[in-house]
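Chemist: Fold the stuff below for me.
(one chain, ligands or ions: 1)
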Amino acid sequence: TQHSCITPIPSSPYTSGIPSWLSEDFSCTGSPQVWEARPSPGKGMGVFATKTLEPGDIILQETPVIRIHPPQFRDGVAYPLGDIETLIRRAFDALSDVDKADVLSLYAHTTSNEDIDELVAIFRSNAYIIGSDNSDLGLFPKGARINHSCRPNTSQVWHEKTGKRVVRAIKRIEEGEEMFATYIPLLHSHDVRQKRLRQYGFQCTCEACVQQRSAQEASDKRRNDIRNAFAAFEPQLTLSIPKSVAGRKKAQKNANASLELAELVEEEGLADYYAQAYRIAAISHARIEKWEPATLWAHKAYQLRLVENRESPATLELQALTGRFIEMWNEDLRNESMGQR
Ligand SMILES: C[S@@+](CC[C@H](N)C(=O)[O-])C[C@H]1O[C@@H](n2cnc3c(N)ncnc32)[C@H](O)[C@@H]1O
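Modeler: Predicted structure coming up:
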């Protein structure tokens, strides 16, 4: 039996196209359950690790018990819940008694002055956006027990092909530690995040939100700097190597800034953003023809994306970049050794 679920990362998969094992349907079978649901002080139920997990380990893979396609649903825009009541009710009625009981046991936040259908309230508190174009909503009774943190240690990816949502560790999680996901975008200040989370009916008491004021302010500044840096780097992420002196100087400055960005994201512990920062460091070093760091950063970003999804455009792009940078690095090494002869 297979006891761990770490996607194998080959040491040199970059040579030609997609390695055969990548196109196989990897699924983690026979792994023991690595989590348990139990009360989490101040947060209702929560999900806790029953063994120590490493980044990339699969925590659970789950098919939605209810999946609906609300018309005109747009990610990021509050949806009129009344309109989806019929869809939810119809899907619920078709469930087995066991599944119905599972759904009805989920937490539902309501305020005293609202008259809201129980199922709709359950959906509002627990449903995740899914679908290849983020156009559906899915209810996952096991994953729904994972509480929110503004410094999460898990992330989840929806796989349209398998119809499953895969939750993985993105940091080392010690046995007994609680697992957290994020319900909101995290590159915002404490106040903005709290406001967003109030829409879900709770005041966040995660480790990032209960820090002392000075630590809070430092964290706000880091998140703000990271968000600005991501935006500022966006137009610079091309592989063209600047020729002018001014262009080269700017590219050198950017390469240094990209290292600071990677450090900042790590310092803030926003593991969901590591791959994005590492990709920026990779491309920024390629633009100054520093092929060794370019390769190493691209490889780091590739490894993270690979675990998330083997076939996503982001993964394939990083695979190609790593291969290309390795070739350039090799050429440098060859030229160096010729020069020494
Ligand atoms: C998707 S459910 C998570 C599981 C839930 N704790 C339960 O008992 O089933 C979301 C609800 O959990 C609670 N919760 C999640 N994260 C929290 C946090 N960081 N701080 C306080 N409450 C939280 C809130 O009541 C929220 O509406």
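
Chemist: Can you report phi and psi for residue 226?
Modeler: Phi and psi for residue 226, reported as degrees, to the nearest 10, are phi -60, psi -50.

Chemist: What of residue 130?
Modeler: phi -140, psi -170.

Chemist: so what's it bridging to?
Modeler: Counting by DSSP bridges, residue 130 is bridged to residue 136.

Chemist: right, and it touches residue 139 too?
Modeler: No: in this structure residue 130 lies outside contact range of residue 139 using C-beta atoms under 8 Å: 9.8 Å. Glycine gets a C-beta too; all of them are placed from N, C-alpha and C.

Chemist: overlap in contacts of the two?
Modeler: 64, 67 (C-beta atoms under 8 Å, 6 or more residues apart in numbering).

Chemist: Of these two, which one has the most company?
Modeler: Higher neighbour count among residue 130 and residue 139: residue 139, with 26 against 22, using other C-beta atoms under 10 Å.

Chemist: what does the stretch 101-250 of the chain put close to the ligand?
Modeler: 106-107, 109, 125-126, 144-145, 147-149, 200-202, 204-206 (C-beta under 6 Å from any ligand atom).

Chemist: Quick one: end-to-end distance for stretch 234-253.
Modeler: 15 Å (C-alpha to C-alpha, to the nearest Å).

Chemist: Is residue 113 located within a strand, as I assumed?
Modeler: No: counting by DSSP: H, G, I helix; E, B strand; the rest coil, residue 113 is not part of a strand but coil.

Chemist: For it, give me the pLDDT.
Modeler: pLDDT, residue 113: 79.

Chemist: What does it show for phi and psi?
Modeler: Residue 113 adopts backbone torsions of phi -100, psi 10, taken as degrees, to the nearest 10.

Chemist: now do residue 165
Modeler: Torsion angles, degrees, to the nearest 10, at residue 165: phi -100, psi 130.

Chemist: Can you name the residue of the stretch 201-341 of the chain nearest the ligand?
Modeler: Residue nearest to the ligand within the stretch 201-341 of the chain: residue 202 (3.8 Å; C-beta to the nearest ligand atom).

Chemist: shouldn't that residue be in contact with residue 125?
Modeler: No: the criterion here is C-beta under 8 Å, and residue 202 misses it with residue 125 at 9.1 Å.

Chemist: out of the residues of the stretch 101-250 of the chain next to the ligand, which are buried?
Modeler: Applying 16 or more other C-beta atoms under 10 Å to those, the neighbour count classes 106-107, 125-126, 144-145, 147-149, 202, 204, 206 as buried.
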